[in-house]
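**Student:** This is a predicted model, with the sequence first.
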Amino acid sequence: MVKVITYGTYDMLHYGHIRLLERAKALGDYLIVGITSDDYDKTRGKINLQQSLMERVEAVKATGLADEIIIEEYEGQKIDDIRRLDVDIFTVGSDWEGYFDYLNEYCKVVYLPRTQGVSSSDVRAEKRKLRIGLVGTAIFRTKFVNEAKYVNGVEVVGIYATTPGIEPELINLYYTDNYDDLLSKVDAVYIISKPENHYKHCKAALIAGKHVLCESPMAYTREQSKELFQIAEEKNLILMDAIKTAYSTAYERLILMAKSGKIGRVVSIDAVCTSLRDGISIEGTDLSKKWNSMCGWAPAAMLPIFQVFGTDYRNKVFYTLFQNKEENVDAFTKIDFVYPQGVATVKVAKGAKAEGELIITGTKGYIYVPAPWWKTDYFEIRYENQEDNKRFFYQLDGEGIRYEIVAFAKAVECNRNLSYVSKSTSEAIVGIIEDFNKRLNMTELT
């Protein structure tokens with residue numbers, strides 16, 4: 001029996017895929033089809049897949065051409081598979097001509113002609129693009145514009161702000177100082193205005209029938225947050241919290257490991273996020289234009305706490321050093337949370353500096369994420385016996401922003417919220433910001 005193996009992503013399975021599988025099947029008696037996993041696709045730069053791994057597997061299975069389906073999960077797996085499965089022929093499309101010649105050492109390599117004029121990229125490109133408008137002047141909006149270029153089916157078309165942006169990335173964007181004008185030209189908005197304006201910008205967009213991706217916090221009170229989600233639900237729109245950390249593969253994996261018992265029962269979480277780049281401690285700085293430490297850093301810092309322990313904490317206490325109390329600008333804030341099952345601490349600062357680590361403590365070991373943990377591609381699980389320690393590395397492109405945009409675009413297309421930040425977590429973050437603004441359970445440092 002002649003065994004043939006081929007590999008692919010098979011996103012949005014089309015006639016070209018089927019013709020290639022038919023040709024591969026004709027080369028032997030038994031066809032093995034390797035389908036790339038979502039994580040492996042990320043490492044190869046394929047981040048905008050329209051279908052999940054299981055959807056792609058089911059689509060290939062439905063053709064009836066594959067005798068066996070396997071999942072490709074890592075670089076170099078092809079050699080392992082050829083040896084393990086006793087493969088006679090490896091085949092792939094002719095656009096890879098010469099690339100896999102090294103496999104001739106293990107089996108025969110055949111490059112098959114592809115069906116001209118059809119590809120998954122073409123199929124995705126035929127869809128109407130999601131037109132996104134920017135709202136606000138935060139400097140990191142340029143990162144969003146750059147990362148959106150990597151996402152098929154998405155186009156940043158304009159910006160609403162009080163003054164035109166001078167950044168090179170914004171030169172070709174439509175500019176307006178009239179919010180209604182921008183809303184008339186887009187399908188969705190990405191909101192990076194001052195946090196105190198998030199609620200009104202979100203609400204106006206939702207009422208206008210536009211999908212919303214908003215930097216956290218999306219509102220200043222619990223009541224406002226609930227209202228926004230209610231409007232989104234009533235109008236069948238997507239409302240997502242933009243915390244890019246949630247979309248880092250490494251972060252996602254470490255949270256799953258913490259919750260699965262890899263380090264035993266979790267009893268403590270310590271998250272530190274600091275930066276002096278905003279210069280809020282510099283004398284003479286116009287603090288009215290700055291995000292304070294709580295809004296700038298606390299949503300990301302609280303994310304692992306709420307995702308591991310949940311949002312039903314028993315108590316919390318703020319310890320805050322204000323740089324300017326009238327402008328509500330904190331140079332440093334520490335939050336202590338008490339849960340029935342453990343404790344957690346958040347430290348955020350734009351006027352102080354500390355090591356930006358994340359440490360999740362368990363009864364059997366702990367997870368250590370080095371600075372800057374909020375955009376990590378690496379973490380460790382450490383135990384009493386150091387020989388049991390494990391290190392994990394994952395690809396991270398664009399600090400997680402492009403993955404966030406992919407999730408948002410797919411959510412709009414599927415009409416289903418695919419946010420990695422749950423509604424309960426979003427509302428809990430808003431609740432903490434509200435209590436901070438009201439100075440509840442706060443000790444002010446002098």
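**Tutor:** Yep, that arrived.

**Student:** Every contact and neighbour count from this point should use C-alpha atoms.
**Tutor:** OK.

**Student:** Would you mind measuring from M294 to L183?
**Tutor:** Relative to L183, M294 is positioned 29 Å away (C-alpha to C-alpha, to the nearest Å).

**Student:** meant to ask about V33
**Tutor:** Distance, V33 to L183, using C-alpha to C-alpha: 46 Å.

**Student:** and F318, what pLDDT?
**Tutor:** F318 is assigned 98 on the pLDDT scale.

**Student:** who does the helix or strand hosting it touch, helix- and strand-wise?
**Tutor:** Using DSSP states H and E, the element containing F318 is strand 315-324. Packed against strand 315-324 by the contact rule (3 or more C-alpha pairs under 8 Å, 6 or more residues apart in numbering; DSSP states H and E) you find strand 329-338, strand 442-445.

**Student:** Sheet partners, orientation included, of it?
**Tutor:** strand 329-338 (antiparallel), strand 442-445 (parallel) (DSSP bridges).

**Student:** From the chain's centroid, how far away is that strand?
**Tutor:** Taking C-alpha atoms, centre = their mean, to the nearest Å, one finds strand 315-324 lying 29 Å from the centre of the chain it belongs to.

**Student:** next one: stretch 387-395
**Tutor:** Centre to centre, stretch against its chain (C-alpha atoms, centre = their mean), the figure for stretch 387-395 is 21 Å.

**Student:** From start to finish, how long is it in a straight line?
**Tutor:** Rule used - C-alpha to C-alpha; the end-to-end distance of stretch 387-395 is 25 Å.

**Student:** what about the closest residue in space to I207 that isn't next to it in sequence, which helix or strand?
**Tutor:** Excluding its sequence neighbours, the residue lying closest to I207 (C-alpha to C-alpha, 6 or more residues apart in numbering) is I231, at 7.4 Å. In this assignment (DSSP H and E), I231 forms part of helix 222-234.

**Student:** burial count for the residue found closest to H17 once you drop the neighbours it is linked to in the chain?
**Tutor:** Leaving aside its sequence neighbours, H17 sits nearest to Y10 (C-alpha to C-alpha, 6+ apart; 6.9 Å). Y10 is flanked by 23 other residues according to other C-alpha atoms under 10 Å.

**Student:** Can I take it that Y10 is in a strand?
**Tutor:** No - Y10 is assigned coil when assessed by DSSP: H, G, I helix; E, B strand; the rest coil, not a strand.

**Student:** Tell me which residues touch it, please.
**Tutor:** By C-alpha atoms under 8 Å, 6 or more residues apart in numbering, the contact list for Y10 reads H17, I35, R56, V60, S120.

**Student:** and which of these is nearest to Y394?
**Tutor:** I35 (19.4 Å; C-alpha to C-alpha).

**Student:** Domains in the chain, by residue range?
**Tutor:** Domain assignment of the chain by automatic domain parsing yields the ranges 3-118, 127-242, 246-445.

**Student:** ranking these by mean pLDDT, which is last?
**Tutor:** domain 3-118 (a mean of 87).

**Student:** in this structure, which spans are helices?
**Tutor:** With helices called from DSSP state H, the chain shows them at 15-26, 38-43, 53-63, 77-84, 120-126, 141-148, 179-183, 198-207, 222-234, 249-259, 293-309, 401-414, 423-437.

**Student:** Comparing the helices and strands packed on strand 315-324, which comes out most buried?
**Tutor:** strand 329-338 (a mean of 21; mean count of other C-alpha atoms under 10 Å).
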